[in-house]
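Participant: next come a sequence and a model predicted from it.
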Amino acid sequence: MTDRRLWQLSVRELADAVRTREVTARAVIDAHLARIDEVNPAVNALTAVFHDRARALAERVDAALDAGEDAGPLAGVPFTVKENIDLTWSASTSGWPFMAEAVPAKDATMVHRLLEAGAIPVGRGNMPDWGLRWDTDNDLFGRTLNPWDPFRVPGGSSGGDAVAVATGMTPLGLGNDYGGSLRLPAYAAGVCALRPSAGRIPAPMAEITEPVALSLQFFAVNGPIARRVDDLDVAFTLMHGADGSDPTTVTVPHPSSYDGPKRVAVVRDPLGWGVDPQVAAAIGRAADALAAAGWQVDEVEPPLIEEAATLWRQISTTEMVGAFLPGALPVPLSHGSTRYFLDNAQETEVLTSGEAYGGAWARRAVIAAAWEKFQSEYPIVLGPVSARRMPEIGFDLSGPAATTELWRDHRLLVTVNFLGLPSVAVPTGLDEDGLPTGVQLIGLRNGDHISLAAARDVEAAFGTLTPVQAPVAGVGAVA
């Protein structure tokens with residue numbers, strides 16, 4: 001079928017090979033489980049591996065296909081599931097030791113839909129406790145390593161799934177994005193991620209039975225991580241749409257292509273706060289690629305980025321601060337995400353009155369309207385995922401000032417969350433140190449297909465960077 005190994009193939013390639021019986025689903029799963037056993041001990045991306053269950057499901061897929069039955073469009077394709085997304089095979093721990101036994105009774109809708117499509121879960125992706133760091137480490141499972149440079153963070157909070165995709169343990173990972181948690185680890189790992197528009201993919205829990213903070217309803221989304229843009233589209237096509245359970249999710253048509261105005265606003269240095277030269281170079285390369293593909297590319301900054309990023313930080317901190325009061329959680333206040341959050345709270349003007357809190361949400365409508373008008377002219381905004389390369393391990397816990405520096409670096413990243421917009425993170429080659437570079441392509445509201453179309457054109461210019469070898473075999477060596 002190919003001279004490449006099965007764990008190097010894309011979602012679509014694997015699905016086509018299994019469906020045409022060029023290879024069995026069992027062979028596909030065995031190849032990925034072997035790859036996991038080989039490299040996961042070095043990077044610690046997956047917290048649990050489902051050897052027996054995955055093989056049993058693969059055999060069911062093969063039996064169905066041998067009987068001439070339709071086993072689904074993703075029959076035999078492996079995928080991983082972040083630790084905070086409900087999967088009845090294992091606990092939804094969110095990285096907390098005290099939730100190590102919290103096994104859900106039902107699968108989240110996005111997991112259920114992939115299972116119905118014939119895809120097979122092979123493991124759980126690591127994350128920081130409660131997803132509150134732009135790094136992936138916790139007291140329950142430990143640290144995930146960046147496969148390109150083990151001294152730099154892998155990003156977070158969907159870092160385990162991003163590293164698993166990057167190293168060939170899976171072609172597809174499921175994560176979520178409240179403040180860049182899909183796009184940032186994808187950027188760090190040299191893979192792709194789709195942060196869908198708000199309300200497109202149902203909640204990560206099977207049922208909503210407890211109150212949900214407003215910021216989670218507006219800022220957080222669930223989405224896929226993959227090595228190719230087309231695979232993001234394949235997964236999103238299957239997972240999106242209302243499910244009769246999550247009241248924040250709607251069904252919106254998802255076109256397979258885009259034939260509208262091809263205009264791009266390029267923002268090389270949001271707010272003029274500075275970017276690393278490698279970041280600026282990546283944006284320049286992506287802008288040139290889009291221009292060569294027929295997009296009109298203009299240097300123009302979208303409105304009110306600073307206010308959007310500031311309000312994202314204030315609202316998110318205000319809504320969570322009560323959970324981190326002494327005694328509120330059975331965790332030490334000096335560890336991991338708890339320490340990071342408390343440092344961040346020192347640097348943030350918490351909205352202590354109802355008037356201030358309500359006023360912040362009211363301003364969101366004004367900012368969103370300004371972006372809506374802007375994106376009616378520029379349906380794509382091209383900019384950095386982060387203004388910097390990934391920091392070294394421990395930087396985010398080095399004191400309150402570090403949390404502000406990271407927020408400034410991620411100002412465009414969190415603006416997208418504040419506004420509920422779709423965005424695709426896509427690689428743009430390696431820098432002079434052999435580290436992945438990348439950009440994000442922000443679409444207008446519910447213009448997920450537009451972001452994907454622009455990302456395809458960037459990907460066509462630079463190709464893919466992964467899968468890579470694990471650190472023990474040579475950091476960043478292409479397999």
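Facilitator: Cool, the structure landed. Residues are numbered from 1 along each chain as shown.
Participant: which stretch of helix or strand covers the nearest residue to Leu87 once chain neighbours are set aside?
Facilitator: Leaving out its chain neighbours, the residue that sits closest to Leu87 by C-beta to C-beta, 6 or more residues apart in numbering is Val81, at 4.8 Å. C-beta here means a position set from N, CA and C on the backbone, and glycine is covered the same way. Assessed by DSSP states H and E, Val81 sits inside strand 78-82.
Participant: quick one: strands adjacent to that strand?
Facilitator: Here strand 78-82 is paired, per DSSP bridges, with strand 120-125 (parallel), strand 172-177 (parallel).
Participant: okay, those in CSV with mean pLDDT next?
Facilitator: As requested, the strands paired with strand 78-82 are exported to CSV (pLDDT from 0 to 100):
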stretch, mean pLDDT
strand 120-125, 98
strand 172-177, 98
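Participant: can I get these in CSV including distance to Asn138 and mean neighbour count?
Facilitator: Shown next, in CSV, are those (distance: least, C-beta to C-beta, whole Å; neighbours: other C-beta atoms under 10 Å):
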stretch, distance to Asn138, mean neighbour count
strand 120-125, 12, 28
strand 172-177, 15, 29
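Participant: so which of those strands comes closest to Arg133?
Facilitator: strand 172-177 (14.0 Å; C-beta to C-beta).
Participant: pull the CA atoms of that closest one into PDB?
Facilitator: Extracted in PDB, the C-alpha atoms of strand 172-177 (Å, rounded to 0.1, in the frame of the first residue of the first chain):
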ATOM      1  CA  LEU A 172      -6.000  12.300  15.700                       C
ATOM      2  CA  GLY A 173      -6.400  13.700  19.200                       C
ATOM      3  CA  LEU A 174      -9.400  15.300  20.900                       C
ATOM      4  CA  GLY A 175      -8.800  18.300  23.100                       C
ATOM      5  CA  ASN A 176     -10.400  21.700  24.100                       C
ATOM      6  CA  ASP A 177      -9.500  25.300  24.000                       C
END
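Participant: next structured bit after that strand?
Facilitator: helix 183-189.
Participant: show residues contacting the next helix or strand after that next one.
Facilitator: Following helix 183-189 in sequence order, the next helix or strand is strand 192-195 (DSSP H and E). Residues from elsewhere that reach strand 192-195 (C-beta atoms under 8 Å, 6 or more residues apart in numbering): 158, 162, 175, 177, 182-183, 185-186, 221, 223-229, 231-233, 235-236, 416-417, 422-427, 448, 451-452, 455, 459.
Participant: tell me which of those residues fall in helices.
Facilitator: 162, 183, 185-186, 229, 231-233, 235-236, 416-417, 448, 451-452, 455, 459 (DSSP state H).
Participant: redo the strands paired with strand 78-82 as CSV? Include distance to Phe341.
Facilitator: Converted to CSV, the strands paired with strand 78-82 look like this (distance: least, C-beta to C-beta, whole Å):
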stretch, distance to Phe341
strand 120-125, 21
strand 172-177, 18
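Participant: and of those, who's closest to Leu304?
Facilitator: Closest approach to Leu304 among the strands paired with strand 78-82 is made by strand 172-177 (20.7 Å; C-beta to C-beta).
Participant: number of nearby residues for the closest residue to Ala289 other than its chain neighbours?
Facilitator: Spatial nearest neighbour of Ala289, excluding adjacent residues (C-beta to C-beta, 6+ apart): Ala461 at 3.6 Å. Using other C-beta atoms under 10 Å, Ala461 has 15 neighbouring residues.
Participant: and Ala461, which of the three is it?
Facilitator: With DSSP: H, G, I helix; E, B strand; the rest coil as the basis, Ala461 sits in helix.
Participant: for it, what are its contacts?
Facilitator: Neighbours of Ala461 in contact, by C-beta under 8 Å, 6+ apart: Arg285, Ala286, Asp288, Ala289, Ala292, Ala293.
Participant: next one: the last one from Gly168, what distance?
Facilitator: Translated: Ala293. 29 Å (C-beta to C-beta, to the nearest Å).
Participant: so between these two, which is more surrounded?
Facilitator: Using other C-beta under 10 Å, the more surrounded residue of Ala293 and Gly168 is Gly168, with 26 against 16.
Participant: in this structure that one contacts Glu38, no?
Facilitator: No - using C-beta atoms under 8 Å, Gly168 makes no contact with Glu38, being 9.2 Å away.
Participant: buried residues in the helix or strand harbouring Gly284?
Facilitator: Using DSSP H and E, Gly284 maps to helix 277-292. Buried residues in helix 277-292, counted by 16 or more other C-beta atoms under 10 Å: Gln278, Val279, Ala281, Ala282, Ile283, Arg285, Ala286, Ala287, Ala289, Leu290.
Participant: cool, stretch 349-367 as well?
Facilitator: For stretch 349-367, by 16+ other C-beta under 10 Å, it's Leu351, Tyr357, Ala360, Arg364, Ile367.
Participant: how about stretch 320-332?
Facilitator: Met320, Val321, Phe324, Val331.
Participant: so which of these is the closest to Arg19?
Facilitator: Using C-beta to C-beta, these come closest to Arg19 at Met320, 44.9 Å.
Participant: surely that closest one meets Phe341?
Facilitator: Yes - using C-beta under 8 Å, Met320 is in contact with Phe341, at 6.7 Å.
Participant: mind listing the shared neighbours of the two?
Facilitator: Joint contacts of Met320 and Phe341 (C-beta under 8 Å, 6+ apart) are Leu132.
Participant: and the residue nearest to Ala289, how far is that from Met127?
Facilitator: Taking C-beta to C-beta, one finds Ala461 at 32 Å from Met127.
Participant: do a quick rundown of the helices in the stretch 201-350 of the chain.
Facilitator: 214-219, 229-239, 277-292, 305-320, 336-346 (DSSP state H, counting those that start in this stretch).
Participant: and Trp148, which of the ones you listed is closest to it?
Facilitator: It's helix 277-292; of these, that one is closest to Trp148 (C-beta to C-beta) at 13.0 Å.
Participant: and Ala365, which of the three is it?
Facilitator: helix.
Participant: let me see the confidence value for it.
Facilitator: Listed pLDDT for Ala365 reads 98.
Participant: minimum distance to Val49: which of the strands paired with strand 78-82 has it?
Facilitator: strand 120-125 (4.6 Å).
Participant: got the CA positions of that closest one in PDB?
Facilitator: Taking Å, rounded to 0.1, in the frame of the first residue of the first chain, the C-alpha atoms of strand 120-125 are listed here in PDB:
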ATOM      1  CA  ILE A 120     -11.100   3.500  18.000                       C
ATOM      2  CA  PRO A 121      -9.800   5.200  21.200                       C
ATOM      3  CA  VAL A 122      -6.200   4.000  22.000                       C
ATOM      4  CA  GLY A 123      -5.300   6.200  24.900                       C
ATOM      5  CA  ARG A 124      -5.800   9.300  27.100                       C
ATOM      6  CA  GLY A 125      -4.000  12.600  26.500                       C
END
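Participant: ok now it, how far from the chain's centre?
Facilitator: Here the centre of strand 120-125 is set off from its chain's centre by 16 Å, with C-alpha atoms, centre = their mean, to the nearest Å.
Participant: the strands in the stretch 301-450 of the chain, which residues?
Facilitator: 380-383, 423-430, 436-443 (DSSP state E, counting those that start in this stretch).
Participant: for those strands, give me a markdown table that also has mean pLDDT.
Facilitator: What follows is those, written out as a markdown table (pLDDT from 0 to 100):
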| stretch | mean pLDDT |
| --- | --- |
| strand 380-383 | 99 |
| strand 423-430 | 98 |
| strand 436-443 | 98 |
